[in-house]
Structure formats: structure tokens, C-alpha cells
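> The following comprises the amino acid sequence and a computationally predicted model.
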Amino acid sequence: MRLIDRTRAEALANLWLAGPATVAVLVLIFIPVSIVALLSFTDYQFGARSFNWVGFDNYLILIKDPQARRAITNTIVYAAIVIPLSILFGLLVALGLHSVMRYAPRLSAILRAAYFLPVAATLVAMAVVWQMLLHPNLGLVNHLLAAADIRGPAWLSDRGLVLYTLAVIGIWQTVGYNMVLFLAGLAAIPEHLYDAAEIDGANRGWERFWTVTWPMLGPTTLFVVVVTATGAFRVFETVATLTRGGPAFASDVLVYAIYREGFVYFKAGYSSAITMVFFVFVLLFTLAKFRLMESRVHYR
Amino acid sequence: MIELRNVTRRFGTTTVLKDISLAAEEGSFLALLGPSGCGKSTLLRIIAGLDRPNSGEVILGGRDVRNLTAAERNVAMVFQSYALYPHLTVAQNIALPLAMRGRSRFERSLIGRWFPASREKQQEEIRRVREIADQLGILPLLERKPSQLSGGQKQRVAVARALVREPSIFLLDEPLSNLDAKLRVQMRAEIVAPNRRIGRTFVYVTHDQAEAMAMADKVAVMLDGRIAQFASPRELYETPVSMDVAAFVGLYPINFTKAADWTALPGGFRLPPGSLPQGKQVIIGIRPEHLFPDPEGPVRGKLVRMEYQGAEVLLDVRIDGGTLVKAVAPGDWQRAEARGDLRLSYLPRHLHVFAAGSGERLELARDGQHEDERATTCG
């Protein structure tokens, strides 16, 4: 005689397995997000004892204020550069290392580690290195340019250039991660598909790529796109350490604006409104990608 | 027409193929038979052009193809894992080799495929795909993705992809080994049929001797990187050149009984006098299906175990001298108890004699008259 029947026991086991994580997600993500959503309709300031409901005022400021609009457009421009280029370079490097692995596995491993270094290293510490490299007078980059008789610009203090400089650093930082993901994807492609492609007449590198490699990398690419996109929208460390959004908000981005409004000016309400905009951004982007790509990459 | 001359392939320090030479006529069905790891798949890949030999020549249709790629050799191949492209529908899978060869790169591109010349070729491809799909009974599956197919259906699609164009030679790498037993037997005929119909050479790799025997005109038994015997299925079965080949071919494992000398054969086995050179150590081999219960039989032993299989009964018999042999009785053979004394009989022509040291076949100097008589009269 059992105390509880089998289905009930299984249900309890399922609850026990999924329950703690669900509670954690609720307490640590859903509740804070709801609180932030509520705060975005108030004029609450950190430390204040009371607040007033201000409706959509915070959002209206966000739309009207050129400074806030700047942060939004900067984030979009930054993401538009970093997402495609870091994926493209990640893929190219992975393809290269994957073929080098056949005849020089040691070299391939060393290069892989080198490309992965920016991912593993602390970005704040790396930012210091970048600052030294990009220094207008003393930096290595401009010294090299000078040797080629080119007058190097002020990479981080030129208003027209700073965002692109940060984007390049963003790409440098992301390529290694994407490369590792693509390498895993490449290793999982069954060798016999390449054999079949060769038998079928797709024997040039390009044809092999389009017949086998690219379609078989579909699930990996979807994952890489999602991860890279969220990473690009969340850009913060390089901005905070290298430019602080300057000069004159030329490199201001959403997350840095959230930080500045919330933790420097203590405008919790306004900061929450920017957070909600950022949240909706990432959510829409991710949903769109899954809707558009999911059905096409898993081939079911 | 395919010919291999002294093909050798090494991977590092291990030699996988040792000096392989064989030839098959145009339109024949050739099987490469051997246990796993004997190098048969490597040999097939060398014929296909997916792998290169360290030395030796591969000749297809009278032409040395050593330096040609797989695509240039124009071979078709069916893989053990089917190797269907998961992102393409069945129709696109089958049409791919046609598109790759028939249309230029521009005509396959996103823009080029809308040009009239390309459209016309695509129509022709579709017609050809439907024709071949109809022959293999997969017409209703054309719009499905490979992940929606059963093993047998995938198998047919893979065969269709190989048959859709006109290659110089068909290569099949264990194409049936992932199917269940019943389907395997059924698919045998479907693979042999196109060989007879279009008259192209087929090379079929398998580890299943029953498949090789049933389908091939000629079988190359590969053991340990060498061709142990290259002969018709009947020759392989009736006159295996060595103990290893004899052990590999045949539904039931062959019985071997060691004899110190031909005059002192164990358990009542006899050979015609003078049929073997004197004083030579031999091993007698006889297939279970050639050893049957007979109350008057010369071989005496004790029944240890019997296994009823419907059409026949498999017997384990410990013959005098201690060797355990298998024998086969007809399915209606009755016996009160599964133990006790039993006498077995055989036809002398079914005895295989091998040299004890090398395992090579020794030919008996037969004098005809013993051919069809019971062994009882020999002693």
C-alpha cells in the first residue's frame, strides 16, 4: 500500500525539481521588474520618504529630451555595428581555426586561446590597456599611424569618432566568444555530410559552405545572434571607464544613462523609465528573432 | 568497369590497406565483405575519391582517376548514415546532385535561378526527381524534411539521390545496416534491381555475409587490410581458401576440429585414403548445415543442447575426442530427450581441410567415386 499514488508522486518530484528555481526567478527577476515598472510612473528619488504618481511624464521626457534620444540612437548605432560585424568575424575566425586544426592543432589551440582572452579577461582592466593604446599622443596606435605618415585622430575624445571606437572595442571583445560558439557548432557538423556534398558535386569551398556549413550552423547562429544582441544593447563597462558617455554625450548609451540618472542623480523614477524602454527593446528584439528564425534553423 | 592496382593506405604507422588489387567488369555487382575495421570502408572511400591511397592506382572506366576529386570521378554514393541534408526537403535532396552538375553557379544563385534557361533546367530536374521518386515509391514524401522520415524512407531517399543522375559507378557503404531485419531483406532486392536495369557497376560494402551472398556477383572478402578471397558467392561458400574465410562466410559458424594427423581424425570423421599428403597436421572444417543426425552415421557424440528454430533444429554435439560441434536437423526432427548419444553423418565433399599452421585450404586428391556416397562407406 502506497501513501500517495504514482502520478501524484511524480507531480511532487517535478515540483521539487523545478520549484526552487521558479521561486528564485520570481523573487529575483519578475518582482524587481514589476517594481521597476511601477517606479517608472513615479518621481521617486533614492532615499526619499515619499513619491508622487506622475503618469507617463518620465516617458515623455525620455522622448522629448535630446539627451535621452541621443542615448537611444547611440545604442542602436552601436548595436547595428557590433552585432553583424562581431558575428561575421567570429564566424570567419572559427572557420579559419577549424581548418587550421587539421594540420596544426597546437597553433589552432594557441590562436583560440588568444581570441578568447578578451572574453575571459576583466573588461575594466582591458579598458585601461585600450586607453593607453588609443592615447592621442602617447598611444601605440597613433605612433604606428605616425610611422606611416598619417596623423592619428583623438580616438576617444573626438565626438564624431568615439562611438565607432567603442564599437571596435566591443567587436574585439565579442569575437572570441562568438568564435568559441561557432567552433562548437562546426565540430558538431557530421563529416559525412561534407562527403555527400563532395559526391554530389559541391566540391568547391564556397559550395560546401552554402550546401552544408551554413545551414548546419543555423541553431548556433540563432543563439549567437541572441547573445551578441543582448550583449551589444547592454554595453556599459567600456563607456563607463573610457568616456563616461562623453564627450558631450557623444557616446552616451542606454545602460550608462540608467546608471547616471539612477546612481549619480538618484532619479530612480526616470532611471526606471529608461530601464523599461531598454527592457522592451531587448524583449522585442529577442522575440522577433525567435519568431523569424526558430522555425527555419531547426529543420523540423 | 573498375580496377584497383596495388592500393595501399596507411594512417600514421598503421597500414589499413595492404596491396589491394581487384577488378570488376562493367555492370557487375561487387561486394566488399569483412568485419568492422578490416579496411573495406576506406577502400570504398578511395574508389570514391574521398580518400587517397599512399600508393597504387584506381582505374575507373579505363582511366586512371588518381588525381581526380570525387565530383570529377562522377561517382554516386549511398552512406550508412544516409547523409541527407536536414535543411532541404526530400525533393531538394534528390535534386541537389542534378543542380550542382546541370546548372552553372549563376543559374543556381538567388537571382540567376529566375532566368529562363535556369527555369527550364529546374523543370527538367523536377521531372527527373519525380520519375525516380516514383520508381522507389517515395512520391508522397517529396515535400517532407528528412527529420520527418522513418529509417526505411530515409534509406530510399538516399538511394534516389544516388540514382537520379547517371554516374560512372555506384558505391554503397553499408546502406542497410541501420534498418530492421525484415526491411533489410526487402531493400536488398530494391538495390539490386537498378543494377540489373541500368547496367552500371555497383560496389557494395557490408559486414553481413548474407547480404553479400544474396546480392553480389562477386565478393571480395577483406580480412585485416587484405583481400582474403575474391570469388563468386558460391565459390566462397564451397571452396573457401582459408579457415578465416570459411569462418566468416555462412549463416552458422563453421565447425573446426583439430586432427593430429589425417589418419587420426576425431569423432569418427574419415577421409578417403590417399587424399592427403602423409604426416601433415590438418584442421577439418564442416558447416553445421552439412552435419545431420543419422542413426547409421559415422560420427559419434553426445547431444548437449538443442535449439528449435522452426524450419530447423540447431544441435550442439560433443563428439568423441571432446570437440563441441554444431549440427542442423530438419525442423520436424523429433527426439525424446535433449541429451544422450547421437550419431551424425555428412557427405565427404562437404569437408574442408586446412593446414593446421597457416590455415590455408588443402585440396583433396579425390577419385570421384566417393563423391556422392555416404561417409560410412569410406572407412
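Received, thanks. The structure presented is a predicted model; accordingly, all values stated were derived computationally and were not measured.
> Between its first and last residues, how far does stretch B:193-208 reach?
Stretch B:193-208 has an end-to-end distance of 19 Å (Cα to Cα, to the nearest Å).
> give me the element the residue of the stretch 201-300 of chain A found nearest chain B is part of.
Of all residues in the stretch 201-300 of chain A, the one sitting closest to chain B is A:G201 (3.4 Å; Cβ to the nearest Cβ). From N, CA and C alone the C-beta is placed, and that goes for glycine too. Using DSSP states H and E, A:G201 maps to neither a helix nor a strand.
> My guess is it contacts B:P97. True?
Yes: contact between A:G201 and B:P97 holds when scored by Cβ atoms under 8 Å: they sit 5.8 Å apart.
> Tell me which stretches of the stretch 201-350 of chain B form strands.
Using DSSP state E, counting those that start in this stretch, the strands of the stretch 201-350 of chain B run over B:201-206, B:218-223, B:226-231, B:255-259, B:282-286, B:292-293, B:299-308, B:312-319, B:324-330, B:340-345.
> wait, which of these is closest to chain A?
So among the strands of the stretch 201-350 of chain B, strand B:201-206 is nearest, using Cβ to the nearest Cβ, at 13.3 Å.
> okay, the closest one in CSV with CA atoms only?
Output in CSV follows, covering the C-alpha atoms of strand B:201-206 (Å, rounded to 0.1, in the frame of the first residue of the first chain):
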residue,chain,number,x,y,z
THR,B,201,28.8,-1.2,-61.7
PHE,B,202,27.8,-1.3,-58.1
VAL,B,203,30.3,-1.6,-55.3
TYR,B,204,28.6,-2.6,-52.0
VAL,B,205,30.4,-2.6,-48.6
THR,B,206,28.9,-4.8,-45.9
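> which outside residues touch that strand?
Contacts of strand B:201-206 with the rest of the structure, by Cβ atoms under 8 Å, 6 or more residues apart in numbering or on different chains, involve B:1-2, B:24-33, B:40-41, B:43-44, B:47, B:168-177, B:191, B:195, B:211-212, B:215-216.
> List buried members of these by neighbour count.
B:1-2, B:24, B:28-33, B:40-41, B:43-44, B:47, B:168-176, B:191, B:195, B:211-212, B:215-216 (16 or more other Cβ atoms under 10 Å in any protein chain shown).
> how many other residues sit next to B:V129?
Look at B:V129: counted by other Cβ atoms under 10 Å in any protein chain shown, it has 23 neighbours.
> same check, this time on B:G152
With neighbours defined by other Cβ under 10 Å, the count for B:G152 comes to 18.
> before we move on, which element is the residue nearest the centre of chain A in?
Chain A has A:G231 as the residue nearest its centroid, 1.3 Å off, counting by Cα atoms, centre = their mean. Using DSSP H and E, the element containing A:G231 is helix A:218-233.
> what's in contact with the helix or strand following that helix?
Moving toward the C-terminus from helix A:218-233, the first helix or strand encountered (DSSP H and E) is helix A:237-238. The set of residues external to helix A:237-238 that reach it, using Cβ under 8 Å, 6+ apart, is A:L123, A:V124, A:A127, A:W130, A:L166, A:I169, A:G170, A:Q173.
> Now render those residues as TSV, adding neighbour count.
Converted to TSV, the contacts of helix A:237-238 look like this (neighbours: other Cβ atoms under 10 Å in any protein chain shown):
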residue	neighbour count
A:L123	17
A:V124	12
A:A127	19
A:W130	23
A:L166	25
A:I169	25
A:G170	25
A:Q173	22
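> Retrieve the pLDDT associated with the closest residue to chain A within chain B.
Chain A sits closest to B:M100 of chain B, with a gap of 3.4 Å, by Cβ to the nearest Cβ. Note for B:M100: predicted pLDDT of 84.
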